[in-house]
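# Predicted structure and sequence below. I'll ask about it afterward.
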Amino acid sequence: MLTIDPRNPNKILYKGVCVGEVRKDGDREIVTISLTYEASADDWVGPLALLSQGLARLEPPRPPEVLRVQLGEHSLEPPGIGRMMLLEKALKAGGYTWIFHKSDMDPWPSPVHGHDYEHDLVLDAVTGQIFETADRTQVGKLRKKELSALQKTIKANKDLKAAAAKHLP
């Protein structure tokens, strides 16, 4: 968990290591965070996705201006922090845009689920149930025809078909 250094309230710590700082600019506070870690294969994708979800929840006046992911010599700078996920697929169903991730670390409400970050909802792609993210209450359900079409699209997607074959009917 990120914490503030008790000896220096301008320093942000992660497991005792300084990873960022807070500085004042008039009546605003500017927060800078820099994290570097090593992982094998695709083990870093899930944690990065969760970090992106957290950053997407930052309220105006201004979201973070830049999220840069350094991959060797390559750098990814997503146009919108709220939708930045690696290996994602956006699908429309039930009047919402659902974002499905290949390496989603959270298996709730099922191993194959989509996120609508604009409305803070989660879709269970197995049952078609729609839940509010905050309190996990069911707020809707896709019609059978919509769910079937969505599942067919998920099964055809190269990044999602392995999970779909395992969990979708």
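Received the coordinates, thanks.

# for the protein, what helix or strand is lowest in average pLDDT?
One helix or strand of the chain scores below all others by mean pLDDT, DSSP states H and E: strand 74-76, with a mean of 39.

# Could you spell out the sheet neighbours of the lengthiest strand in the chain, each with its direction?
For the chain, the strand that runs over the most residues, judged by DSSP state E, is strand 17-25. With DSSP bridges as the test, strand 17-25 is paired with strand 8-14 (antiparallel), strand 28-33 (antiparallel).

# mean confidence for it?
The average pLDDT within strand 17-25 is 87.

# Export only the CA atoms of it, formatted as CSV.
The C-alpha trace of strand 17-25 is given here as CSV (Å, rounded to 0.1, in the frame of the first residue of the first chain):
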residue,chain,number,x,y,z
VAL,A,17,10.8,2.8,-0.6
CYS,A,18,10.2,6.3,-1.9
VAL,A,19,8.2,6.1,-5.1
GLY,A,20,6.9,9.6,-5.4
GLU,A,21,6.4,13.0,-4.0
VAL,A,22,3.8,15.7,-3.3
ARG,A,23,4.5,19.3,-4.0
LYS,A,24,2.4,22.5,-3.7
ASP,A,25,1.7,24.8,-6.5
